[in-house]
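Peer 1: Show me the folded form of this:
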Amino acid sequence: MKIRLIAVGSKMPSWVKSGVSEYQKRLPADFSLSITEIPLATRSKNSPIAPAMEKEAKALRNACAKNDFVVALDVKGQSLSTENLAEKINRVRENGHDIALLIGGPDGLTNACLESADARWSLSALTLPHPIVRVVLAEQIYRVWSILNNHPYHRA
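Peer 2: Model (predicted):
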């Protein structure tokens, strides 16, 4: 299974790259995590935000593969425990799909992007900075793998 984190924004601090890389290295090739960065669309204080969000949404969707199970990460999405996340990811894997996890820009995802996703998941009711989201997701993906493989990393 391939898990793609497709995120608006680039130029992450070195601690983010290091943290994500650590968990990517721990994952086996048949349960890999990759990151695709979508450039932040240009915004200005005198122009509407919608065109920038639409441009980002189009790029996010274009980065998804045809067979991906697409998940929009949204604060209003379904809240999951790590065990629930493992069950959902395993179900997707058993159905022969890869996963694309979408993270919007500073203004979030468009309604069209949210509505076209196969699922909406929330990491927290808190609004988290995008750099932290990447590291948390990488760790949770590794934890999911450990649950699915009875690895001692996850101790419930």
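
Peer 1: Might one say that residue 90 is in contact with residue 148?
Peer 2: Yes: between residue 90 and residue 148 there is a contact under CB atoms under 8 Å: 5.6 Å. (Each C-beta comes from the backbone N, C-alpha and C, glycine too.)

Peer 1: so where's this structure shaky on pLDDT?
Peer 2: The chain contains residues with pLDDT under 70 at 154, 156.

Peer 1: Which helix or which strand is home to the residue nearest in space to the middle of it?
Peer 2: Nearest to the geometric centre of the chain sits residue 101, at 3.2 Å (CA atoms, centre = their mean). Residue 101 belongs to strand 98-103 when assigned by DSSP states H and E.

Peer 1: Send me that strand as CSV with only the CA atoms.
Peer 2: Listed next in CSV are the C-alpha coordinates belonging to strand 98-103 (Å, rounded to 0.1, in the frame of the first residue of the first chain):
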residue,chain,number,x,y,z
ASP,A,98,-3.8,3.3,-2.0
ILE,A,99,-4.5,6.4,0.1
ALA,A,100,-4.1,10.1,-0.6
LEU,A,101,-4.4,12.3,2.4
LEU,A,102,-5.1,15.9,1.5
ILE,A,103,-4.0,18.9,3.5
